[in-house]
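Asks: what's the 3D shape of this:
(chains A and B)
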Amino acid sequence: MTRLTLPRFVFAALLAVMALLPVFSAPALAAPPANLRIGDTVALRVPGEQALSADFKIDRQGQIILPEIGAVVVAGLALPEAEKRVRDALARVYRDLDRLSLSLKDRRLLVTVLGYVKNPGPVEIPGDATIQLAITAAGGLTQGAQLDRFRLRRGETETTFDYKKYLDSGDHALLPALEPLDTIFVPASPRTGNVQIDFDGRTLSEAGDGGEDRSSIKVFGEVNKPGIFAHKPGSTAIDLIMRAGGVTRYASVEQIRIITKGQPSIFNLQTFLDSGKTSLLPELTEGATIFVPKQLEEIRSGKNTVYVMGEVAKPGAFDSKPGAGFIDILANSGGPTRFADTRQIRLIKADGSVVLVDLPLFTEGKGGKLPEVSSGDAIFVPEKTDTKEPSWLKVAPDRAVKLMGAVTRPGRYEWSDEMSLLDLLAQAGGPTQKSDMARIQIRASETDKGKPVLFDLTAYLNGQVATLPKLRAGAVIMVPDLPSSPVDMKGQWVQQAPEASIYIMGQVGSPGRYAFNTQMGFLDIIAAANGPTGSADLRNVRVSHRHGKGSRVSRVNLARYFETGDDKLLPRVKPGDVIFIPDRNREWLDSPKESTVRVIGAVGKPGRYRFTDDMTLLDLLAEAGGPTDNALQSKIVVINISQQAEGARLFDLVTFAKTGNIEKLPVVRAGDTVYVPNTSQSDWKIFMDGFRDVIPIVSIIALIGAL
Amino acid sequence: MKRFALLLALTGALPACATWPEEGKGGFAERRAVADPVLETLADRFEHQRQRGAERFAAGLTDEAKTAFVRAQRNHSAGILDDFAVDLAHLQMLLDRIERQIPGR
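Replies: Below is the predicted model:
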């Protein structure tokens, strides 16, 4: 084996070039290792010795294992030194080793990765690999690894480094360079707890990324993801709150408490957002604490505070600014809800006075100016009253009207002066079918002692009445019932006011007292009383009108109405009137003498008989039973009662019967008298009676003369 | 004999003591033609009203007027002129009322 020798100047030039190489190429590749390291692979070449010419890897003990020789420690040696040591070792067995050469073929790193990696243990990585590659070779990080607390152990020394910073920046300088046999330890986050469970890394990270060291910033209270977060220089309270998921809807953003450098302070996030002044942001130092309090837990008060309560979206206390109006404050509270009674909003002034605000009226442009709101005032938006709700006592007496009687939902209703009686009735479901809408009674108040106002709703709906009655809060309205049927009259008449009744007596099916209103007519009440009986005298129906001055009685010829159908013959009756239908069989007792004819003398039934102009003397005699057997039928006398003088006329029934001459039929009018004499009043009878009286006288005179 | 004749005369005069009123008339006068010119005028007017629908538009009054015509005719025929004058006035009033109830006068 021959040794190759080079001229000295060539060797010096080569060294100079090698010294300059790092300037122009990558450091890992350009700078030849000064010493061999564990993990390096060296190539041994011994010409003629096939078994020795192979690649050998320097193991963790720093040695290579040569055939027949065994272990030779080469780690830590420069390559020529290592070559000499190998030659010396081989020289014990082999000869002619002049041409032996040892070169560095490959460089690898043998490190150990432990902790929160998927495959902890020794890994072999390229010689210029970084910690990231080592972690990758160990299977990568597992969930729960604390990224900013990686530790690197080299021999007896241990170094902690922030792997997260490297991930954030990509700066390799932030990671320590690896050396063989280094141990990388990936710690677990303190949030993982002491019990091994499968957990979700995302939820874990939401609890904060800070360790338990004093530099972390704690954010808790009304934030969405409270936790401990790592401090980063320059971070503001906004950053930390954002990392904590932002504030919840209940957060009191004006009262955020921050403890930094051991000093508590209040951070008004609302003011910051309103103004945008970064000077309002407090400086956060390591170990700071941020607490976002719950809004409801605080009792706010202050010189600029106004309060909004009741049915608004966000009731509470609000800081008022000069110039803020009623609407501004109401809008800040989210505005009235759909349950709010916006017509009854009350502004309770700080001095105790109360101002009623009708918001719809204002929005319609009729409400004038809204009241001014000052600090300390309270706006109360009451709940809308639900009439179905049993707690109707919510309506104050001065805002309520009472609706009773025959309506679908009688009760106490809230009243507004914009409403009308129809609105009220509609809200109560309207009158029932049995209601007497023609006699709605209205009292101004419970203490109203006067007569109730009567309102005829039917007439209003028919257009006969132009206006609705004026109602005010406190009014009492009664809608009376109609009788369910005429049969019920006896039981219900006591409930009826006399002025709501009409009376019908005499020859009808059901005489009595009936509910009546101005919408009903004469025939309605006759029909309700089951109509006239068979003996009713329809020609002499009388109606006593009890309204108006004095008394007045109408006579109704109902028979004529039935004959002609002329409605004008029917009288106009009103509640309180009395209708009397007489009995035809007792008519002569009830009829005045001016409307009857007296038939006296020799007739079957002497008496007073009703006479109308469509009758004749013959009708009258027939009705009176006709002349009797001893009637002087040829001398029937009719006495006419006239306007100025009375006169008598004779009627010869016998001759009339023989001749049928109607010219000889005397006239008879109501009020006249008919006398039928008997035969004792005949001329012959008178003569014979007289003759019988004369004969004895004549006989006496003749006797005296003879003597 | 002279005395007997006187006695007979006295006896014969006895019926003359029972006097009777004169015979009446007019009790069925509506069966005859109208005799009074005023009443006839009113009857013509009434007939004209009936042709214009009086029985439809004033049925009650028309029926009453018919009766009033009967009464007036009877009174006139019976010679009860005082009442007849009243009847004429009543008839005139009835016809006026009927006239007011007939549309399209």
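Asks: for A:Phe505, phi and psi?
Replies: That one is not Phe; residue A:505 is Met. Phi and psi for A:Met505, reported as degrees, to the nearest 10, are phi -130, psi 170.
Asks: check contacts around it.
Replies: Residues in contact with A:Met505 (Cβ atoms under 8 Å, 6 or more residues apart in numbering or on different chains) are A:Pro511, A:Val578, A:Ile579, A:Phe580, A:Ile581. C-beta coordinates here come from the backbone N, C-alpha and C atoms, glycine included.
Asks: most surrounded residue in these?
Replies: Tallying neighbours with other Cβ atoms under 10 Å in any protein chain shown puts A:Ile581 at the head of these, with 26 neighbours.
Asks: how about that one, nearest residue that isn't a chain neighbour?
Replies: Leaving out its chain neighbours, the residue that sits closest to A:Ile581 by Cβ to Cβ, 6 or more residues apart in numbering or on different chains is A:Gly506, at 4.0 Å.
Asks: that older thread, which of the contacts of A:Met505 fall in strands?
Replies: Mapping those onto strands (DSSP state E) picks out A:Val578, A:Ile579, A:Phe580, A:Ile581.
Asks: identify the farthest-apart pair in these.
Replies: Distance extremes for the ones in strands among the contacts of A:Met505: the farthest pair is A:Val578 and A:Ile581 at 11.0 Å, using Cβ to Cβ.
Asks: spit out the residues that contact the two alike.
Replies: A:Ile504, A:Met505.
Asks: who's in contact with the residue in the stretch 101-250 of chain A positioned nearest to chain B?
Replies: Nearest to chain B, among the residues of the stretch 101-250 of chain A, is A:Arg249, at 79.8 Å (Cβ to the nearest Cβ). Counting by Cβ under 8 Å, 6+ apart, A:Arg249 makes contact with nothing.
Asks: same question for A:Arg542.
Replies: Neighbouring residues of A:Arg542 by Cβ under 8 Å, 6+ apart: A:Val553, A:Ser554, A:Arg555, A:Val556, A:Ile579, A:Phe580, A:Pro582.
Asks: coming back round to it: the residue nearest to A:Ile581: neighbour count?
Replies: When neighbours are defined as other Cβ under 10 Å, A:Gly506 has 20 of them.
Asks: what about residue 104, how many residues nearby?
Replies: Picked chain A for this. 17.
Asks: chain B was what I was after
Replies: Count around B:Gly104 with other Cβ under 10 Å applied: 6.
Asks: look at whichever residue of the stretch 301-450 of chain A sits closest to chain B and tell me its secondary structure.
Replies: Ranked by Cβ to the nearest Cβ, the top residue of the stretch 301-450 of chain A for proximity to chain B is A:Ala438, at 27.9 Å. Classification of A:Ala438 by DSSP: H, G, I helix; E, B strand; the rest coil places it in helix.
Asks: kindly report the same for the one 4 residues further on.
Replies: Here A:Ile442 takes the strand state, with states given by three-state DSSP.
Asks: grab the nearest non-local neighbour of it.
Replies: A:Val453 (4.5 Å).
Asks: now do A:Thr616
Replies: That would be B:Gly27: by Cβ to Cβ, 6+ apart, it lies 5.3 Å from A:Thr616.
Asks: residues contacting the one you found?
Replies: With Cβ under 8 Å, 6+ apart, B:Gly27 has these contacts: A:Thr616, A:Leu617, A:Phe651, A:Ile662, A:Leu665, A:Pro666, A:Val667, A:Val668, B:Arg74, B:Ala78.
Asks: make it 10 Å
Replies: A:615-618, A:638, A:649, A:651, A:656, A:662-668, B:74, B:77-78 (Cβ atoms under 10 Å, 6 or more residues apart in numbering or on different chains).
Asks: so which of these sit within helices?
Replies: Of those, the ones assigned to helices by DSSP state H are A:Leu617, A:Leu618, A:Phe656, B:Arg74, B:Ser77, B:Ala78.
Asks: report the contact partners of the residue sitting nearest the centre point of chain B.
Replies: Note on chain B: the residue nearest the mean C-alpha position is B:Arg74, at 2.0 Å, using Cα atoms, centre = their mean. Applying Cβ under 10 Å, 6+ apart, we find B:Arg74 in contact with A:613, A:616, A:665-669, B:25-30, B:80, B:83-84, B:87.
Asks: report the closest residue of chain A relative to chain B.
Replies: A:Pro666 (2.2 Å).
Asks: neighbours of A:Gly626, how many?
Replies: Neighbours of A:Gly626 (other Cβ under 10 Å): 16.
Asks: grab the nearest non-local neighbour of it.
Replies: Once flanking residues are discounted, A:Gly626 sits nearest to A:Gly604: 5.6 Å by Cβ to Cβ, 6+ apart.
Asks: may I have the phi/psi pair for that neighbour?
Replies: Torsion angles, degrees, to the nearest 10, at A:Gly604: phi -60, psi -40.
Asks: and if you look at A:Glu594?
Replies: With angles defined as degrees, to the nearest 10, A:Glu594 sits at phi -70, psi -20.
Asks: who's in contact with it?
Replies: With the criterion set at Cβ under 10 Å, 6+ apart, A:Glu594 makes contact with A:Ile641, A:Arg669, A:Ala670, A:Gly671.
Asks: and what of A:Ala350?
Replies: A:Val306, A:Ser374, A:Ser375, A:Gly376, A:Asp377, A:Ala378.
Asks: which pLDDT value goes with A:Val312?
Replies: Looking at A:Val312, its pLDDT is 90.
Asks: if I look at the nearest residue to it once chain neighbours are set aside, how far off is A:Phe380?
Replies: Nearest in space to A:Val312, with sequence neighbours left out and distances taken as Cβ to Cβ, 6+ apart, is A:Ser333 at 4.2 Å. Noted for A:Ser333: a distance of 11 Å to A:Phe380, by Cβ to Cβ, to the nearest Å.
Asks: which one's more surrounded, the two?
Replies: More crowded of A:Ser333 and A:Phe380, by other Cβ under 10 Å: A:Ser333, with 22 against 18.
Asks: surely the more buried one and A:Phe318 touch.
Replies: Yes: if you go by Cβ atoms under 10 Å, A:Ser333 and A:Phe318 touch, sitting 6.7 Å apart.
Asks: who touches both of these two?
Replies: Counting by Cβ under 10 Å, 6+ apart, the residues touching both A:Ser333 and A:Phe318 are A:Val306, A:Tyr307, A:Val308, A:Ile379.
Asks: okay, the residues you listed in CSV with pLDDT and distance to A:Lys225 next?
Replies: Shown next, in CSV, are the shared contacts of A:Ser333 and A:Phe318 (pLDDT from 0 to 100; distance: Cβ to Cβ, whole Å):
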residue, pLDDT, distance to A:Lys225
A:Val306, 87, 34
A:Tyr307, 88, 32
A:Val308, 90, 31
A:Ile379, 90, 36
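Asks: which residues touch the closest residue to chain A within chain B?
Replies: Nearest to chain A, among the residues of chain B, is B:Gly24, at 2.2 Å (Cβ to the nearest Cβ). Contact partners of B:Gly24, counting by Cβ under 10 Å, 6+ apart, are A:617, A:636-638, A:640, A:647-652, A:664-668, B:77-79.
Asks: ok now stretch B:85-92, how far from the chain's centre?
Replies: 11 Å (Cα atoms, centre = their mean, to the nearest Å).
Asks: contacts for that stretch?
Replies: Contacts for stretch B:85-92 (Cβ under 10 Å, 6+ apart): A:613, A:642-643, B:36, B:38-39, B:41-43, B:45-46, B:64-65, B:68-76, B:80-81.
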